[in-house]
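K.L.:
Compute the structure for the input listed below.
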Amino acid sequence: MPLRVIVAGTFALLALTVGAQTASAAATLTSPKGLKAFLLRVNEPDSLNSRNFPRTPAFAWKPVAGARKYEFELSTSENFSEGALIWSSASTPLKLTSPAATVPVSLPWMTGNPYALYARVRGIGPRGNAGRWSTPYGFNMRWRDRPRPLDPQFPGLVRWTPIDGATMYEVWFKGQTTSFFTSTNVADEREFYLFHTQPWWIQSVDWRVRAVRKLYGEIPTGMPRVTYGAWSDWFTNVNPPFNVGFDPPYDQQPAELGLTGTVSGDVVSTPASPKAHELMPAFLFSGNYRSWGQPGFLDTSTELFHIYVFTDSECVNRVYTSAIVGGPAYAPRIGQTLALPGTFAALSDARNKWPLYGNEGSAVMWDGTKVQPADAALTGLDLWDTFWPSGGYYWTVVPVFPRPDPVNATSIMEYRDIQLPEDVCRAGGSARFGKVSKPVLVGDKAPYASGLSPEGKLVPARKPAPSFYGQPLVAWEPVAGAHEYEIQVSRTVSPWRTAGALTTAATSAILALPTGRWYYRVRGLNYLLPGRPEMTWSKAVRLRIAKPRFKIVNR
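P.N.:
The predicted structure is shown next:
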């Protein structure tokens, strides 16, 4: 029998029961009982006070005697009016044949009084006779916590606790009328440091952040594509004085430009002790003076910097270019850079004003190569996984100076690096770090899988290689950076021969598999990666699909 894998947007609902009954095919089916939502296993507790889910849950109910398939609906209204419908199984071409369901979209964060979202299901008999709808099951989609600062904080950088269900974050600095977005849990303070080194600009930065959930999958027109969590409290990051090299006051000792490390989540990587990051890290450095460089720039301090990332230790194969920043830290932002002054008069004026957001202008490396910051785009803001510790990335910081226009010396023609990154790296000015996404967690002592028992009841897996009768529902824990997930199945684990695959925005799926032994695995898809979005595979899970030991009730 050829393998059939149900794609995202399809439910398999199989109504099974012990024994045989006889009744008219036209008889009305009873309404399904026990409809509930869960994240990982069907036996999770369910109460009126626990129906808040940070990410899209799966659903299950008790089988209905006589039902050959089911119809399932999600709505924002308890009366399930057409305009409030979010998803209906009637829109799918395949039969829905299992007492468990997965929703192929990432539902928005919504809360109501008492609920904002509702699910219902009904059985369909062998001749198409529809049964009664179940009692509506109400639930909310809600963040479980608000972001809190992570310790320690670093000069020029803020960081916070990740939030389950978030796909990005919105950051707000006090004093700014515009916020910005980031896909990581770190943000630099470039607004405060750009052309500002005085203590009253940088010594105290007040900030707050909120989680953002961007939706994936097909949802009706009018449903918000982005929803927001609650703002955090206001927090304060206290920064030490920034080293100013030979700039006034001249009695200060110059501080050589050097690399401090990279930071993400709870991982701190230093040049002396490099580590791998699960999220794209922030880059930290100190000083603003370089005692060697190009002729005419020797013994010169600077106030602008480029961060470059390479795949090789000599810093030749460049894979990431930062926005130009003026402080001791850089962290990627989504689609946002600071508009750099176009004249020297505007640059002088900028020392007393907040910078504006916009196009950086022309930026080039020392050899004239034009560079575009990753921050200006909506993709390419992350780095591929490396096989750490044998594989990794190398990064460095390069001073940047405004270059006068040769025709009109009052204008700034471009912002140009004063050193080549490969020269800096060869002189020992690079540091190493890794990027490794965590494998998707598909279980603990037993996989996060639920399926039909010999008695026709939906039960969770209780051993590492479970057996199910019919079509199992499999679930997994989310991984940082993943927007969607890919599930593959195979008859063998070594070698792995993919016999079917599906992609879903949810963290669960139903597998419609023929009888026999199977393996499945899951990986995240990160669309901020340049080119290919694939992340690390989970371990392979073995399960067996057995032939039913019960009879289908005909009514």
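K.L.:
My guess is Leu356 contacts Ala339. True?
P.N.:
Yes. With contact defined as CB atoms under 8 Å, Leu356 counts as touching Ala339 (4.7 Å). The C-beta positions use only the backbone N, C-alpha and C, and glycine is treated the same way.
K.L.:
could you pull out the helices for the stretch 301-450 of the chain?
P.N.:
Along the stretch 301-450 of the chain, counting by DSSP state H, counting those that start in this stretch, helices occupy 344-350, 421-426.
K.L.:
tell me what the longest one is packed against?
P.N.:
Right, the one you point to is helix 344-350. strand 393-404 (3 or more CB pairs under 8 Å, 6 or more residues apart in numbering; DSSP states H and E).
K.L.:
give me that answer again for 10 Å
P.N.:
If contacts are counted by 3 or more CB pairs under 10 Å, 6 or more residues apart in numbering; DSSP states H and E, helix 344-350 sits against strand 393-404, strand 412-417.
K.L.:
can you pull the buried residues of it?
P.N.:
In terms of neighbour count (16 or more other CB atoms under 10 Å), helix 344-350 has its buried residues at Ala350.
K.L.:
what does stretch 399-413 give?
P.N.:
For stretch 399-413, burial by neighbour count (16+ other CB under 10 Å) applies to 399-402, 411-413.
K.L.:
ranges for the strands of the stretch 51-200 of the chain?
P.N.:
52-53, 58-60, 69-75, 85-88, 100-102, 117-124, 137-141, 157-159, 168-173, 180-182, 186-188 (DSSP state E, counting those that start in this stretch).
K.L.:
thinking again about what came up before, can I get the helices of the stretch 301-450 of the chain in JSON lines with mean pLDDT and distance to Gly327?
P.N.:
Shown next, in JSON lines, are the helices of the stretch 301-450 of the chain (pLDDT from 0 to 100; distance: least, CB to CB, whole Å):
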{"stretch": "helix 344-350", "mean pLDDT": "94", "distance to Gly327": "14"}
{"stretch": "helix 421-426", "mean pLDDT": "94", "distance to Gly327": "19"}
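K.L.:
how many other residues sit next to Val424?
P.N.:
23 (other CB atoms under 10 Å).
K.L.:
So it versus Met413, what's the distance?
P.N.:
Distance, Val424 to Met413, by CB to CB, to the nearest Å: 24 Å.
K.L.:
Geometric centre of this structure: which residue is closest?
P.N.:
Gly481 (3.0 Å; CA atoms, centre = their mean).
K.L.:
Contact partners for that residue?
P.N.:
167, 183-184, 278-280, 382, 437-438, 524-529, 533, 535 (CB atoms under 10 Å, 6 or more residues apart in numbering).
K.L.:
Just the ones in strands from the residues you listed, please.
P.N.:
524-525, 535 (DSSP state E).
K.L.:
Among these, which one sits closest to Leu85?
P.N.:
Leu85 lies nearest to Leu525 out of the ones in strands among the contacts of Gly481, by CB to CB, at 27.2 Å.
K.L.:
so Gly516 sits right up against Thr492, yeah?
P.N.:
No. Under the criterion of CB atoms under 10 Å, Gly516 makes no contact with Thr492, lying 11.4 Å away.
K.L.:
re the thing from before, so which of the ones in strands among the contacts of Gly481 comes closest to Leu35?
P.N.:
Gly524 (29.3 Å).
K.L.:
shouldn't Asp206 be in contact with Val171?
P.N.:
No. The criterion here is CB under 10 Å, and Asp206 misses it with Val171 at 11.7 Å.
K.L.:
Mutual contacts of these two, please.
P.N.:
With CB under 10 Å, 6+ apart as the test, Asp206 and Val171 both reach Val158.
K.L.:
between these two, who's got more neighbours?
P.N.:
Counted by other CB under 10 Å, Asp206 and Val171 do not tie: Val171 has more neighbours, with 23 against 13.
K.L.:
got a list of what that one touches?
P.N.:
Contacts of Val171 (CB under 10 Å, 6+ apart): 147, 158, 160, 179-182, 186-189, 207-210, 232, 331, 333.
K.L.:
which residues pair with it across the strands?
P.N.:
Phe180, Val209 (DSSP bridges).
K.L.:
Need the pLDDT of it.
P.N.:
On pLDDT, Val171 comes in at 97.
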